[in-house]
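S.K.: I would like the atomic coordinates for the input below:
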Amino acid sequence: MSGKVENNSRSHIYDKMFKKVLTLSSRAVINFINGLFETEYSTDAKVTYNWTEFHDDNLKKTLADTIVTIDGCHSYHIEAQRYQDETIVFRVFEYGYRHAERYKELNDNKSYLHFPEPKIIYLYAEGDIPETYTLVLDFGMQGSFEYQVSTIQLESISVDELNQKKMIILIPFYLLSLHKIIKRKRSKENLEQLKRLIFNDILGSIEMNHEYGNITMDDADRLRNLTKELYYYLYSHYEEMEEINDMTDESLILEYDIFLKKHNIESLDETVQWIEEERKYIADSKAEIEANKAEIEANKAEIEANKAEIEANKAEIEANKAEIKANKAEIEANKAEIKAEKAEIEVERAEIEAERDKVKEELNKVQKEHMEMIKSMVETMKKFNIREEEIQHRLMEICHLSKEEASQYIEKREE
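M.R.: Next comes the predicted model:
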């Protein structure tokens with residue numbers, strides 16, 4: 001009896017975690033659907049979750065919360081299993097039927113039921129798992145139909161293949177692959193294998209997929225957190241795991257949580273708003289500088305035009321020297337006017353130079369503030385012992401620095 005209760009408890013934990021990974025960002029879920037069902041949906045497609053509760057004949061509630069719909073027309077039913085279950089095909093069919101009935105089409109004498117595309121994922125297979133479950137629907141004299149549900153075993157998919165197919169949301173469940181080995185024997189070799197699995201395969205894959213844009217920053221943090229939860233559930237209670245427990249705690253400190261605490265931000269929306277405000281401030285400053293530069297260029301063009309006009313006047317004066325000699329008084333008046341124009345031009349030039357110096361000073365101030373902000377970010381992240389590679393990545397993502405610029409800020413801080 002206790003074994004059955006334990007199995008039910010474990011199943012509940014894995015079900016809960018599986019539902020969590022299926023509610024990551026639309027980008028992460030659509031990439032997963034594309035990899036699992038070999039589809040090609042855009043990551044901008046709309047994802048709808050069918051959370052409707054169904055009731056069986058005994059009025060027992062059952063949740064078909066693994067059925068997702070893409071762009072309002074194509075539905076997919078995904079089940080997660082740990083053990084061989086010959087009856088699962090009936091449950092999948094029942095959920096599929098209830099979903100199809102909910103969205104049935106009635107057209108005159110012909111009606112339609114659209115079943116979701118099913119798939120069973122075995123997180124850690126025990127026993128012989130068939131590639132396909134088949135349920136024969138016998139309609140008597142009308143014939144029969146084979147309802148088929150394909151399966152996939154997570155342990156048969158390498159980490160490289162998982163990353164290639166962008167099915168990264170399943171990566172925390174790779175911890176199950178060593179569960180029986182560690183439970184049976186916690187040798188040095190087995191513990192080293194577990195370390196490599198956690199830090200290289202799982203955490204490394206999460207970071208790589210975030211860098212490639214397959215998942216969002218929030219997705220990456222949630223996957224790390226789910227990895228930590230599953231690790232503690234499976235392994236932390238063993239005495240030999242103390243070193244790995246410490247390493248796991250240190251590695252799974254979420255950069256996102258540190259960021260929120262530093263800036264007193266309580267939600268992801270506020271985080272995005274803060275970043276957008278900082279970007280807007282920088283963009284506005286750059287726009288103002290560009291506007292000042294354009295104004296200076298316009299003034300320069302005006303000066304050049306005035307110079308050209310003066311030169312034209314001089315040519316006209318030279319061409320009419322004879323007339324000028326006869327009209328000296330008028331010529332002297334013209335000279336005085338030209339001198340006045342020159343003086344005015346000199347005044348305008350001085351004003352332009354002063355404005356340009358002011359613009360340069362403002363630009364230097366903005367650049368200095370920007371550098372100080374980045375230095376402050378680097379200092380803060382180093383206080384929390386964040387790896388240099390992660391600091392470099394954050395500087396590139398938030399401050400739009402190149403990899404070389406980000407490295408220079410880190411090196412300057414160390415000096």
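S.K.: wait, a helix at residue 45?
M.R.: No: Residue 45: not assigned to a helix; according to DSSP: H, G, I helix; E, B strand; the rest coil it is coil.
S.K.: pLDDT below threshold where in the stretch 301-415 of the chain?
M.R.: Residues of the stretch 301-415 of the chain meeting the criterion pLDDT under 70: 412-415.
S.K.: which residues touch residue 131?
M.R.: Going by C-beta atoms under 8 Å, 6 or more residues apart in numbering, residue 131 touches 150, 151. All C-beta spots, glycine's among them, are computed from the backbone N, C-alpha and C.
S.K.: quick one, phi psi at it?
M.R.: phi -70, psi -30 (degrees, to the nearest 10).
S.K.: so where's the stretch 101-250 of the chain uncertain?
M.R.: 243-250.
S.K.: all helices for it, in order.
M.R.: 159-164, 179-184, 188-195, 203-211, 217-234, 242-251 (DSSP state H, counting those that start in this stretch).
S.K.: hmm, who's touching the fourth one?
M.R.: Read that as helix 203-211. Here helix 203-211 makes contact (C-beta under 8 Å, 6+ apart) with 159, 162-163, 166, 168, 171, 215-217, 219-220, 223-224, 227, 251-252, 390, 393.
S.K.: and the gap between the spatially most distant residue from the centre of the chain and residue 313?
M.R.: Taking C-alpha atoms, centre = their mean, the residue of the chain most remote from its mean C-alpha position is residue 326, at 83.1 Å. Distance from residue 326 to residue 313, counting by C-beta to C-beta, to the nearest Å: 19 Å.
S.K.: repeat for residue 197
M.R.: Taken as C-beta to C-beta, the span from residue 197 to residue 313 is 85 Å.
S.K.: mind checking which of those two has more residues around it?
M.R.: Neighbour totals were compared for residue 197 and residue 313, and residue 197 leads with 17 against 14 (other C-beta atoms under 10 Å).
S.K.: I figured the more buried one hits residue 179, correct?
M.R.: No: with contact defined as C-beta atoms under 8 Å, residue 197 does not reach residue 179; the gap is 10.9 Å.
S.K.: so who does the residue sitting nearest the centre point of the chain touch?
M.R.: Taking C-alpha atoms, centre = their mean, the centroid of the chain lies closest to residue 216, which sits 1.9 Å from it. Counting by C-beta under 8 Å, 6+ apart, residue 216 makes contact with 24, 25, 27, 28, 210.
S.K.: what's the first one sitting at in phi/psi?
M.R.: Meaning residue 24. phi -70, psi -170.
S.K.: next: the third one.
M.R.: Residue 27 adopts backbone torsions of phi -60, psi -50, taken as degrees, to the nearest 10.
S.K.: setting aside sequence neighbours, what's the nearest residue to it?
M.R.: residue 43 (4.5 Å; C-beta to C-beta, 6 or more residues apart in numbering).
S.K.: I'd say the one you found and residue 26 touch.
M.R.: Yes: proximity of residue 43 to residue 26 meets the contact threshold set by C-beta under 8 Å, at 7.0 Å.
S.K.: what's the following helix or strand after the longest helix along the chain?
M.R.: Longest helix in the chain, counting residues (DSSP state H): helix 328-383. Downstream of helix 328-383, the first helix or strand assigned by DSSP states H and E is helix 388-398.
S.K.: quick one: list the elements packing against that next one.
M.R.: Contacts defined by 3 or more C-beta pairs under 8 Å, 6 or more residues apart in numbering; DSSP states H and E place helix 388-398 against helix 328-383, helix 403-414.
S.K.: can you tell me the closest non-neighbouring residue to residue 238?
M.R.: Per C-beta to C-beta, 6+ apart, closest to residue 238 is residue 186, 5.9 Å.
S.K.: no wait, residue 306
M.R.: Closest to residue 306 by C-beta to C-beta, 6+ apart is residue 345, at 5.8 Å.
S.K.: how deep is that neighbour tucked in, by neighbour count?
M.R.: 15.
S.K.: in this structure it contacts residue 304, no?
M.R.: No: with contact defined as C-beta under 8 Å, residue 345 does not reach residue 304; the gap is 10.8 Å.
S.K.: for stretch 85-97, which positions count as buried?
M.R.: 85, 88, 89, 91, 92, 93, 95, 96 (16 or more other C-beta atoms under 10 Å).
S.K.: now swap in stretch 40-48 and tell me
M.R.: 41, 43, 45, 47.
S.K.: quick one: which of those residues is nearest residue 369?
M.R.: The nearest member of the buried residues of stretch 40-48 to residue 369, counting by C-beta to C-beta, is residue 43 at 35.6 Å.
S.K.: which residues touch that closest one?
M.R.: 26, 27, 30, 31.
S.K.: mind picking the two most distant members of those?
M.R.: Largest pairwise distance in these, by C-beta to C-beta, is 9.5 Å, between 26 and 31.
S.K.: neighbour count winner among those two?
M.R.: residue 31 (24 against 16).
S.K.: which SSE is the more buried one in?
M.R.: Using DSSP H and E, the element containing residue 31 is helix 26-37.
S.K.: tell me what that helix is packed against?
M.R.: So helix 26-37, by 3+ C-beta pairs under 8 Å, 6+ apart, packs with strand 47-49, strand 67-70, strand 74-81, strand 117-122.
S.K.: now that helix - C-alpha only, CSV.
M.R.: Output of helix 26-37 as CSV, limited to C-alpha atoms (Å, rounded to 0.1, in the frame of the first residue of the first chain):
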residue,chain,number,x,y,z
SER,A,26,4.9,30.8,-26.2
ARG,A,27,8.3,30.9,-27.9
ALA,A,28,9.6,28.0,-25.8
VAL,A,29,6.4,25.9,-26.1
ILE,A,30,6.1,26.4,-29.9
ASN,A,31,9.7,25.4,-30.4
PHE,A,32,8.9,22.3,-28.3
ILE,A,33,5.8,21.5,-30.4
ASN,A,34,7.8,22.0,-33.6
GLY,A,35,10.5,19.6,-32.4
LEU,A,36,8.1,17.0,-31.0
PHE,A,37,5.6,16.9,-33.9
